[in-house]
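Peer 1: okay, sequence plus prediction incoming.
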Amino acid sequence: MLDVVKVSIDIALSAVSISGLLLIFFLGIPLLARDLDKRTIYMVICRPISRGEYILGKFFGFCLLLFVSTTLLSVFACATIKVMTLIYKSYTPMHFSWLKIAVGLFSIFVSLCVMQAVVLFFASFASGFFITSIFSLVTYFIGQNIESVKRILATVQDVSPVIKTILKVASWIFPRLSAFDLKTMAAHGLPLKISFLIWNYVYGISYTAILLILAILIFRKRQLP
């Protein structure tokens with residue numbers, strides 16, 4: 001009972017995150033595959049629109065959908081949290097902060113944009129929906145857990161140098177999605193450093209930009225069906 005408000009914050013932010021991921025996997029992944037399968041892409045590229053503009057249009061268009069969806073979901077999430085704080089007012093954490101909840105929600109949106117860039121990168125060369133889905137799902141799980149694995153291995157002695165090297169390389173290749181997971185900080189009112197947030201957002205924007213550039217370069221060379 002003492003942690004009911006903290007749990008409600010954690011569940012509310014998790015619901016927003018999961019809903020955004022479902023949008024990506026059920027609507028974002030088929031974006032490019034559907035156009036290629038139905039060959040509707042030719043209706044676009046036959047006009048004075050480059051393949052790079054096509055990829056960027058898909059990305060920013062879907063990010064706009066993510067923004068609207070996460071905003072609506074965030075309103076419901078905040079309403080739920082507000083109701084819980086009113087019902088269990090005496091159990092509301094001392095360091096409860098709407099600002100930290102808002103930062104947590106915005107970080108979820110940034111992580112979703114990074115994942116959509118990942119999806120477009122794989123879709124730029126993958127032959128179908130299934131392969132893009134598998135690659136994207138694997139990338140998501142690695143990005144969410146690689147930092148935890150590194151912390152666990154740091155406490156273990158006699159770890160093989162090969163494993164350490166593999167983890168180090170993987171941490172540079174795969175997106176550090178766990179860095180955008182601020183549910184615990186928002187729920188427990190933990191301090192958030194401005195430098196940490198700035199670094200996270202710069203990292204997210206930079207990683208997204210690199211993936212989009214690679215996706216454009218690959219898609220320009222791709223032989224369309």
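Peer 2: Sure thing, it's come through.
Peer 1: centroid-wise, who is the farthest residue in the protein?
Peer 2: Computed with Cα atoms, centre = their mean, the maximum C-alpha offset from the centroid of the chain is found at residue 90, amounting to 34.4 Å.
Peer 1: after the top helix by length along the chain, heading C-terminal, what element do we hit next?
Peer 2: Of all the elements of type helix in the chain, the one with the most residues (DSSP state H) is helix 51-87. Using DSSP states H and E, the helix or strand that directly follows helix 51-87 along the chain is helix 98-123.
Peer 1: which helices and strands does the following helix or strand past that next one pack with?
Peer 2: Tracing the chain past helix 98-123, the next element assigned as helix or strand by DSSP H and E is helix 129-154. Secondary structure elements in contact with helix 129-154, counted by 3 or more Cβ pairs under 8 Å, 6 or more residues apart in numbering; DSSP states H and E, are helix 30-38, helix 98-123, helix 161-173. To be clear about C-beta, it is placed using only N, CA and C from the backbone, and glycine gets the same treatment.
Peer 1: next, the buried residues of helix 129-154.
Peer 2: Counting neighbours by 16 or more other Cβ atoms under 10 Å, one finds that the buried residues in helix 129-154 are 129, 132-133, 135-136, 139-140, 142-144, 146-147.
Peer 1: with distance to residue 187 and pLDDT added, can I get the residues you listed in a markdown table?
Peer 2: Below are the buried residues of helix 129-154 laid out as a markdown table (distance: Cβ to Cβ, whole Å; pLDDT from 0 to 100):
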| residue | distance to residue 187 | pLDDT |
| --- | --- | --- |
| 129 | 36 | 79 |
| 132 | 33 | 87 |
| 133 | 31 | 88 |
| 135 | 32 | 92 |
| 136 | 28 | 91 |
| 139 | 26 | 93 |
| 140 | 22 | 92 |
| 142 | 25 | 91 |
| 143 | 22 | 90 |
| 144 | 18 | 90 |
| 146 | 23 | 86 |
| 147 | 19 | 84 |
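Peer 1: if we can go back for a sec, how far away is the residue farthest from the centre of the chain from residue 191?
Peer 2: Using Cβ to Cβ, to the nearest Å, one gets 24 Å for the distance from residue 90 to residue 191.
Peer 1: likewise residue 141?
Peer 2: According to Cβ to Cβ, residue 141 and residue 191 sit 29 Å apart.
Peer 1: residue 213 too?
Peer 2: With the distance defined as Cβ to Cβ, residue 213 ends up 35 Å from residue 191.
Peer 1: between these two, which is the more surrounded one?
Peer 2: Neighbours were counted for residue 213 and for residue 191 using other Cβ atoms under 10 Å; residue 213 has more, 13 against 8.
Peer 1: check which helix or strand covers that one.
Peer 2: Element membership of residue 213 [criterion: DSSP H and E] is helix 194-221.
Peer 1: what's the pLDDT at the residue nearest to residue 148 when sequence neighbours are not counted?
Peer 2: Sequence neighbours aside, residue 178 is the residue nearest to residue 148 in space, at 6.9 Å (criterion: Cβ to Cβ, 6 or more residues apart in numbering). pLDDT, the model's per-residue confidence, is 88 for residue 178.
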